[in-house]
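1. fold the following.
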Amino acid sequence: MNKIYYLASCDTCRKIIKSLPKDNNLVFHDIKQNPITEAELEEMYKLAGSYEALFSKKAQLYKSMDLKNKSLTEDDYKKYILEHYTFLSRPVFIIDEKIYIGNTQPVTLQVQKALAK
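-> Next up, the predicted model:
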């Protein structure tokens, strides 16, 4: 099952979703309305190889909690992602057992190409 984890209130997520092929067959998962479960995060972790790869260092909470000055472990990244949706780098796509994380142009182009198959 192909899936996108996103934030409906995020302009960047909405822009990326609009750019996707119309018949994309994605299951949409709004992480604010429906927080990710530990099992879902584990699936992402297996594909990404680390929790840090899934963690957003751009989040306002990251700055306000002064996390950049702390030595975070993989367990810390996991804990924060599960505690608050803003710590998940988004959007996260899982397409044909491959993971695409974030909103950079190269990632967006890879997702569009994967969905066009």
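
2. which ones are touching the residue located most distally from the centre of the chain?
-> Distance from the centre of the chain peaks at residue 69, with 23.2 Å (C-alpha atoms, centre = their mean). Neighbour list for residue 69: empty [criterion: C-beta atoms under 8 Å, 6 or more residues apart in numbering]. (Glycine included, C-beta is placed from N, CA and C.)

3. you'd agree residue 107 is in a helix?
-> Yes - if the criterion is DSSP: H, G, I helix; E, B strand; the rest coil, then residue 107 is within a helix.

4. in this structure, which spans are strands?
-> Counting by DSSP state E, residue ranges of the strands within the chain are 3-6, 27-30, 92-95, 98-101.

5. residue 99 versus the residue farthest from the centre of the chain, what's the distance?
-> Using C-beta to C-beta, to the nearest Å, one obtains 29 Å as the distance from residue 69 to residue 99.

6. now do residue 111
-> Using C-beta to C-beta, one gets 10 Å for the distance from residue 111 to residue 99.

7. burial measure for residue 100, as a count.
-> Neighbour count for residue 100, taken as other C-beta atoms under 10 Å: 20.

8. give me the distance between the two termini of stretch 40-54.
-> For stretch 40-54, the first-to-last residue distance is 12 Å (C-alpha to C-alpha, to the nearest Å).

9. how about that stretch: buried residues?
-> Within stretch 40-54, the residues that count as buried by 16 or more other C-beta atoms under 10 Å are 40-41, 43-45, 47-48, 51, 53-54.

10. check contacts around the closest residue to residue 24 other than its chain neighbours.
-> Closest residue to residue 24 apart from its sequence neighbours, by C-beta to C-beta, 6 or more residues apart in numbering: residue 115 at 4.8 Å. Applying C-beta under 8 Å, 6+ apart, we find residue 115 in contact with 2, 20-21, 24, 26, 95.

11. in PyMOL, select just the buried ones from those.
-> To isolate the buried members of these in PyMOL, using 16+ other C-beta under 10 Å:
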select buried, resi 2+20+24+26+95
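
12. returning to what we had before: closest one to residue 60 among the strands of the chain?
-> Closest to residue 60 of those is strand 3-6 (C-beta to C-beta; 17.6 Å).

13. who does that closest one pair up with?
-> The pairing partners recorded for strand 3-6 under DSSP bridges are strand 27-30 (parallel), strand 92-95 (antiparallel).

14. lovely, talk soon.
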